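Participant: I'll drop the sequence and a predicted model, then ask my questions.
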Amino acid sequence: MAHDFEVQRAGTVESFAVMGPGLPKTGVVAFQFVAEEVRPDWVAASAALVAAGFSVRRDEAEGMLEAVVGPIALTAAEVWQWEKAATKVLLAWEFWPDGWEVE
C-alpha cells in the first residue's frame, strides 16, 4: 500500500492549529515510527536516518524507532519538512509514522 503523504501533512498542520500557539519558537522534535516487519533491520534504518541528519533512539521491545532533530523552528512547515524526510527514509525499511512530539 502506498503511503499518503498528504494525509500525514494534514495531520501535522492540524496538530499545529491546536498546539502551535503554546510552543516555543524552537525545539527538538522526535518523530516516532513503528516497525511493520517482525524483525526490522534496525541497524540499516538507523544508519539511513543518521545519514539524513537525524539522531536515533530505538526501542526494539516496543518496535519503535525515533528520528530526532533539532533544535529547529517549531512551525508547521519546518516540522513537516523534517517529518517527511524521516518518513521517506524509513518507509524503505518498513517503518511507518506514528506521531511526533516536541521535547
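Facilitator: Nice, thanks for sending it over. Residues are numbered from 1 along each chain as shown.
Participant: ok, and Ser46, which helix or strand is that part of?
Facilitator: helix 42-51 (DSSP states H and E).
Participant: send the alpha carbons of that helix over as PDB?
Facilitator: Backbone C-alpha positions of helix 42-51 (Å, rounded to 0.1, in the frame of the first residue of the first chain) are rendered in PDB as follows:
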ATOM      1  CA  TRP A  42      17.300  -1.700  13.000                       C
ATOM      2  CA  VAL A  43      20.900  -1.000  12.100                       C
ATOM      3  CA  ALA A  44      20.300  -0.100   8.500                       C
ATOM      4  CA  ALA A  45      17.300   2.000   9.200                       C
ATOM      5  CA  SER A  46      19.200   3.900  12.000                       C
ATOM      6  CA  ALA A  47      22.200   4.400   9.700                       C
ATOM      7  CA  ALA A  48      19.900   5.800   7.000                       C
ATOM      8  CA  LEU A  49      18.400   8.300   9.400                       C
ATOM      9  CA  VAL A  50      21.800   9.400  10.700                       C
ATOM     10  CA  ALA A  51      22.900  10.000   7.100                       C
END
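Participant: Doesn't Gln32 belong to a strand?
Facilitator: Yes. According to DSSP: H, G, I helix; E, B strand; the rest coil, Gln32 belongs to a strand.
Participant: who's in contact with it?
Facilitator: Applying Cβ atoms under 8 Å, 6 or more residues apart in numbering to Gln32 gives the contacts 64-66, 97-101. C-betas here are computed from N, CA, C, even on glycine.
Participant: For those, which ChimeraX command selects only the ones that are buried?
Facilitator: Filtering the contacts of Gln32 down to the buried ones (16 or more other Cβ atoms under 10 Å) takes a single ChimeraX command:
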select :65,66,97,100
